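[1] Next come a sequence and a model predicted from it.
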Amino acid sequence: MPARWALTRYQQTISAALASDFANLRSWFNVRQTMINTVRNGILAGGNWLLDHTKIIDVYPAQDALANILAETSSNGGGPYNLLKDLARLRVPFPLAAVGLVGDDAAGAYIRKDCHAHGIDTHLLYVTKEAPTSYTDVMMVKSTGRRTFFHQRGANAFLDASHFDLAQSEARIFHLGYLLLLDRLDQPDPVHGTVAAAVLHRAQESGFRTSVDLVSEDSDRFPKIVLPALRYCDYCIMNEFEAERTTRVAIVRDGKIDLRAVRTAAHKLLAAGVREWVVIHFSSGAVAVGSGGRELVQASVDIPQERIAGTLGAGDAFAAGLLAGLHEAVPMNVALDYGVCVAAASLTHPTSSDGVEALPECLHLAEEFGYRQL
């Protein structure tokens, strides 16, 4: 494993005394990584696989009115696809693998080919003739970056627990997303609450660290679908909207993030069963609360408005940076820094992942532009 990659930010967080003795630090890090890697290695991500068809428009119209399409792109979409492609572009030093369902069509073939090009194992990315590959039409207003999604559930609606043959994987982390957008996995389970919760329980029993992400659905289903899964979750990652809907804690007040409310919501999510960390992210930063009671706040990178090409996939990019750090056993404050820097990089391109570069380049954005005020 390239030491430079893993230690880029870590060296900035240790004490001056330890930093002065790099040989001791390197020895400690190599021993720690050897101990971890003898057990499991890599990230397995499952759930929604789709293509995003993004239209940049001049204004979001009222019903029956007209808007002009200024530009359009097609790219990867869905939590696991975005996350794994971001990790590949970060050049992480561990294996990446996919679980999911695509249609027997050109879009499905494109997704599998794209995964192969980025070194993502697809032996658990199945093909079905029951439905076409899922896609989302994304309408993004050029002046604000605000997005509206029109989603075709497609093959993702047929993804079931039987597709998650976890015995075939030796990955360290199993990431599942998006809850609330996986028809069969969101169904009730008599023992675990939902089918997704049962899959996560099986993953933990198999030795995985588990991670979940949600979709920002405008509904009241969050407690029923999300809370059962949290009992079998090591890392819970969600944005402020999803945290509000799940916990019923008002986080956004007068258009601003209430950090005290974010902490309250995070503690409620921990109390619901999350084993290690709850991380709630938002445009100006993120808050992490650990099972031991530790609370961390990280501001986002202060990217100039003229450098922002789109916000599509920024949440998944944050999750990719965060999980990259957690996989490599860096402290949570460093993992949060990875998260906000990778999210910042994603903002520089209208697609979900094409703005993400190797980790040192993402981290350089913080050095170049600094952090926002929280």
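    Happy to help now that I have it.

[2] quick one: the helix or strand containing residue 287 to chain centroid distance?
    Secondary structure assignment for residue 287, by DSSP states H and E: strand 285-290. Strand 285-290 has its C-alpha centroid displaced from the chain centroid by 14 Å (Cα atoms, centre = their mean, to the nearest Å).

[3] The next helix or strand after it: which residues count as buried?
    Next helix or strand after strand 285-290 toward the C-terminus (DSSP H and E): strand 295-299. Residues of strand 295-299 classed as buried by neighbour count (16 or more other Cβ atoms under 10 Å): 296, 298-299. All C-beta spots, glycine's among them, are computed from the backbone N, C-alpha and C.

[4] What is the nearest of the residues you listed to residue 86?
    residue 298 (17.9 Å; Cβ to Cβ).

[5] Residue 154: what's it in contact with?
    50, 103, 131-135 (Cβ atoms under 8 Å, 6 or more residues apart in numbering).

[6] Out of those, which sit inside strands?
    50, 103, 134-135 (DSSP state E).

[7] could you dump these to CSV with distance to residue 86 and neighbour count?
    Converted to CSV, these look like this (distance: Cβ to Cβ, whole Å; neighbours: other Cβ atoms under 10 Å):
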residue, distance to residue 86, neighbour count
50, 16, 27
103, 23, 23
134, 19, 27
135, 19, 20
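
[8] Which stretches in the stretch 151-300 of the chain count as strands?
    Assigned by DSSP state E, counting those that start in this stretch, the strands in the stretch 151-300 of the chain fall at 173-179, 188-189, 193-194, 209-214, 235-239, 252-253, 256-257, 277-282, 285-290, 295-299.

[9] got CSV for those strands, with distance to residue 359 too?
    Below are the strands of the stretch 151-300 of the chain laid out as CSV (distance: least, Cβ to Cβ, whole Å):
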stretch, distance to residue 359
strand 173-179, 17
strand 188-189, 38
strand 193-194, 34
strand 209-214, 19
strand 235-239, 18
strand 252-253, 31
strand 256-257, 27
strand 277-282, 18
strand 285-290, 17
strand 295-299, 16
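
[10] how about these in JSON lines, adding mean pLDDT and distance to residue 42?
    Below are these laid out as JSON lines (pLDDT from 0 to 100; distance: least, Cβ to Cβ, whole Å):
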{"stretch": "strand 173-179", "mean pLDDT": "97", "distance to residue 42": "8"}
{"stretch": "strand 188-189", "mean pLDDT": "98", "distance to residue 42": "27"}
{"stretch": "strand 193-194", "mean pLDDT": "98", "distance to residue 42": "26"}
{"stretch": "strand 209-214", "mean pLDDT": "97", "distance to residue 42": "11"}
{"stretch": "strand 235-239", "mean pLDDT": "98", "distance to residue 42": "15"}
{"stretch": "strand 252-253", "mean pLDDT": "94", "distance to residue 42": "36"}
{"stretch": "strand 256-257", "mean pLDDT": "96", "distance to residue 42": "34"}
{"stretch": "strand 277-282", "mean pLDDT": "98", "distance to residue 42": "20"}
{"stretch": "strand 285-290", "mean pLDDT": "98", "distance to residue 42": "23"}
{"stretch": "strand 295-299", "mean pLDDT": "98", "distance to residue 42": "25"}
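
[11] picking up where we left off before, ok, of the buried residues of strand 295-299, which one's closest to residue 339?
    Once Cβ to Cβ is applied, the member of the buried residues of strand 295-299 that ends up nearest residue 339 is residue 298, at 7.4 Å.

[12] surely residue 80 meets residue 49?
    Yes: Residue 80 is within contact range of residue 49, at 6.6 Å (criterion: Cβ atoms under 8 Å).

[13] hey, what's in contact with both of those two?
    Shared contacts of residue 80 and residue 49, counting by Cβ under 8 Å, 6+ apart, come down to 98, 100.

[14] Residue ranges in the stretch 201-350 of the chain under the pLDDT threshold?
    Applying pLDDT under 70 to the stretch 201-350 of the chain flags no residue at all.

[15] tell me what the helix or strand containing residue 366 is packed against?
    Here residue 366 sits within helix 359-369, counting by DSSP H and E. Counting contacts by 3 or more Cβ pairs under 8 Å, 6 or more residues apart in numbering; DSSP states H and E, helix 359-369 is packed against helix 3-7, helix 314-327, helix 332-346.

[16] Let me know the distance separating residue 96 from residue 343.
    19 Å (Cβ to Cβ, to the nearest Å).

[17] So for these two, which residue has more residues nearby?
    Neighbours were counted for residue 96 and for residue 343 using other Cβ atoms under 10 Å; residue 343 has more, 31 against 21.

[18] related to what we said a few turns ago, which of the residues in the strand holding residue 287 are classified as buried?
    For strand 285-290, burial by neighbour count (16+ other Cβ under 10 Å) applies to 285-290.

[19] Each with direction, which strands does that strand pair with?
    Partners of strand 285-290 in the sheet, by DSSP bridges, are strand 277-282 (antiparallel), strand 295-299 (antiparallel).

[20] got the buried residues of strand 285-290 as TSV, with distance to residue 224 columns?
    Putting the buried residues of strand 285-290 into TSV (distance: Cβ to Cβ, whole Å) gives the following:
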residue	distance to residue 224
285	29
286	26
287	25
288	26
289	23
290	26
